[in-house]
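**Q** show me the folded form of this:
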Amino acid sequence: MADDDDKPKKHTLDTLFAVYANHQVIPTEIENEVFDGILLSQLDAWLEQAKLMPNPITRTQTGLIYMRYKKWRLEYEDFLEVLQQLALDNDLGLDEMKQTMLDAGVPSGDTGLVAVK
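**A** Residues are numbered from 1 along each chain as shown. Sure, this is the predicted structure:
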């Protein structure tokens, strides 16, 4: 009988958030640091992989909404608010948008790096 632990686990939006929040980061002084917030560039990369950017969502839109928070990294709750605002601004269904982001999966093998200070 097959054990459930052997089956690949499916990501949820919050687990993918954690993956993207730690993707393409150059470590600073602290080795193996794990981030619980997402950078604007990481959010944009996720939206691009989900094929939601550059159409219907633009980098200008994400940047303007992101900057309202006046934080370097957004926590998961803030991220959900950003998605809600993007869906509203672009006449997209929020649940469909979240599913599209889930379907995009983990980050592709992009070699670009983001320096974090």
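
**Q** top helix in the protein by residue count?
**A** helix 76-89 (DSSP state H).

**Q** is it true that residue 50 touches residue 107?
**A** No: assessed by C-beta atoms under 8 Å, residue 50 is found out of contact with residue 107, at 11.1 Å. The C-beta positions use only the backbone N, C-alpha and C, and glycine is treated the same way.

**Q** and the strands in the chain, which stretches?
**A** Using DSSP state E, the strands of the chain run over 25-26, 114-115.

**Q** among those strands, which gets the worst mean confidence?
**A** Ranked by mean pLDDT, the strands of the chain end with strand 114-115 at the bottom, a mean of 40.

**Q** any regions of this structure where pLDDT drops low?
**A** Along the chain, segments meeting pLDDT under 70 span 1-9, 25-33, 109-117.

**Q** 80 instead, please
**A** 1-9, 24-35, 109-117 (pLDDT under 80).

**Q** please name the nearest non-neighbouring residue to the residue positioned nearest the centre of it.
**A** When the chain is reduced to its mean C-alpha position, the closest residue under C-alpha atoms, centre = their mean turns out to be residue 43, at 4.1 Å. Leaving aside its sequence neighbours, residue 43 sits nearest to residue 62 (C-beta to C-beta, 6 or more residues apart in numbering; 6.1 Å).

**Q** wait, isn't that neighbour in contact with residue 83?
**A** No: using C-beta under 8 Å, residue 62 is not in contact with residue 83; the gap is 10.1 Å.

**Q** residue 98 - how many residues pack around it?
**A** For residue 98, the neighbour count with other C-beta atoms under 10 Å is 18.
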